[in-house]
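J.: what shape does this take:
(one chain, ligands or ions: 1)
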Amino acid sequence: MSKKYSFETNAIRTQLNRTEHLEHSVPMYLTSSFVFEDAEDMRASFAEEKERNIYSRYSNPNNNEFVEKVCQMEGAEAGFAFASGMAAVFSTLASLLDSGDHILSAQSIFGSTHTLFNSFFPKWNISHSYFKIDALEDIADMVKPKTKLIYAESPTNPGVDVLDLEALGRIAKQHNLLLVIDNCFASPYLQQPIKFGADLVIHSGTKLMDGQGRVLAGITVGSAALIEKVYRFSRITGPALSPFNAWVLSKSLETLAIRVDRHCENALKLAEFLEQHPQVNWVKYPFLKSHPNYEIAKKQMKAGGCVVAFEIKGGLEAGRQFFDSIQLLSLSANLGDSRSIVTHPASTTHSKLSVEERQAAGITDGMVRVSVGLEHISDIIADIEQALGK
Ligand SMILES: *Cc1c(COP(=O)(O)O)cnc(C)c1O
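T.: Down below sits the predicted model:
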């Protein structure tokens, strides 16, 4: 497929060449390896004199198709698919960083990424500093001689804060740093960070890409030169996505646009409802006018995404009461699912952070994260309304 077609069309029509069976829908290639024609083919294949599949830890047709679609969506040259979002985060950074290197990261990032930076990268003498997401002008003073990259998410998990990607792109360029963006909360349908200067874009495919809570997956896309480094590291260390999951994801991407449109429509309606509810202290959603970075969100995103964050009056106790009163929605830790999910970040996804770190990341005890699904919006609102009333 080419630039001639729109996002939706490419998402549906990009597919592997048909086999002799002329199948309409792409088959699954559940094979760990591929065969060689003869001794010369075997030698040339391993010498990488030809582009072909050898072993599914390196590449597989279903993974290739999934990667190709995401590259088109993000405007990237190349990519690699991983078994989970965290495998993508770890392998991407591990392939780029050397002992002694320094990461400049946004303060508000996914809980496991925080733990990776705080507890595991120091083992390899890779350090980090956190910048405040509303003070990007501080970044210049935080750059060290061994700073290699800027790492950020937007919107953030769980606080749905919005970072100015264009400003980050400019700062990264000024200081000759790589810009790595976790674009999971937006999905490639709502936002393409490469347009704003990102060098690499990471996704947890587990979220909106799958969209139905079935598989774990991750993917990194970017320039061919950087992805080559990621690939060299990953084909040896083995975090590859299963071809079965790649097949599921490639199918899911066919409906990404239409699903995410409805997620966003429902999420905005819920955010507007919560904003006028007396039991709610504050609501955050990128496309609410009251969001501190509403203008930036409008500039860089097509719509606000599926996640709404809000704080219940009465702190932890009121929060527990709310979760125990929920009837329809799921109490779960996932997001981007067709089923709406309510989560309590302070006791789940971000529980490994210290109280100070949680405060710095804007995660309060009474904060609720709603991943707004595809049920009818009146049923979603009714469940939250009755739970807030108790
Ligand atoms: C879920 C998530 C991840 C990690 O993805 P997994 O597939 O769970 O490993 C990374 N970043 C963000 C923003 C996420 O929401």
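J.: check residue 345 and give its pLDDT.
T.: pLDDT, the model's per-residue confidence, is 86 for residue 345.
J.: neighbours of it, how many?
T.: Here the count is done by other CB atoms under 10 Å, and residue 345 has 24 residues near it. For the C-beta atoms, the positions are set from N, CA and C on the backbone; glycine is no exception.
J.: quick check: closest non-adjacent residue to it.
T.: Of all residues not flanking residue 345 in the chain, residue 158 sits nearest, at 4.2 Å (CB to CB, 6 or more residues apart in numbering).
J.: OK, contacts around that neighbour?
T.: 307, 309, 343, 345, 349-350, 363, 367, 369 (CB atoms under 8 Å, 6 or more residues apart in numbering).
J.: residue 133 and residue 105 touch, don't they?
T.: No. If you go by CB atoms under 8 Å, residue 133 and residue 105 don't touch, sitting 10.3 Å apart.
J.: joint contacts of the two?
T.: residue 152.
J.: for whatever residue of the chain ends up closest to the ligand, what are its contacts?
T.: Of the chain, the residue with the smallest distance to the ligand, taken as CB to the nearest ligand atom, is residue 85 at 2.2 Å. The contact partners of residue 85, taken as CB under 8 Å, 6+ apart, are 110, 182, 184, 202-207, 216-218.
J.: helices or strands next to the helix or strand harbouring residue 130 in the packing?
T.: In this structure, residue 130 is located in strand 127-131 according to DSSP states H and E. Strand 127-131 is packed against strand 102-106, helix 139-142, with contacts defined by 3 or more CB pairs under 8 Å, 6 or more residues apart in numbering; DSSP states H and E.
J.: so for residue 79, which of the ones you listed sits nearest?
T.: Ranking the helices and strands packed on strand 127-131 by distance to residue 79, with CB to CB as the measure, places strand 102-106 first at 21.3 Å.
J.: so what secondary structure elements neighbour the helix or strand that the closest one is followed by?
T.: Under the assignment DSSP H and E, the closest C-terminal helix or strand after strand 102-106 is helix 111-115. For helix 111-115, the helices and strands in contact under the criterion 3+ CB pairs under 8 Å, 6+ apart are helix 85-96.
J.: tilt between the helix it packs on and strand 102-106?
T.: Orientation note: helix 85-96 sits at an angle of 140 degrees relative to strand 102-106 (axes from the mean of the first three to the mean of the last three CA atoms, to 10 degrees).
J.: skip the chain neighbours and tell me the closest residue to residue 332.
T.: Distances taken as CB to CB, 6+ apart put residue 341 closest to residue 332, at 4.7 Å, once the chain neighbours are dropped.
J.: now for the one you found, how many residues are close by?
T.: 21.
J.: residue 237 now?
T.: 14.
J.: wait, is residue 342 part of a helix?
T.: No. Residue 342: not assigned to a helix; according to DSSP: H, G, I helix; E, B strand; the rest coil it is strand.
J.: quick one: contacts for it?
T.: Applying CB under 8 Å, 6+ apart, we find residue 342 in contact with 322-323, 326, 329-331, 368-371, 384.
J.: and those residues, which two are the farthest apart?
T.: Using CB to CB, the contacts of residue 342 reach their maximum pairwise distance at 322 and 371, which is 15.5 Å.
J.: more neighbours: which of the two?
T.: Looking at residue 322 and residue 371 with other CB under 10 Å, you find the greater number of neighbours at residue 371, namely 28 against 21.
J.: give me every residue that touches that one.
T.: If you count contacts by CB under 8 Å, 6+ apart, residue 371 has them with 306-307, 334-337, 340-343.
J.: got it, and residue 216?
T.: When the contact criterion is CB under 8 Å, 6+ apart, the partners of residue 216 are 83-85, 205-206, 245.
J.: and which of the residues you listed is nearest residue 279?
T.: residue 206 (31.4 Å).
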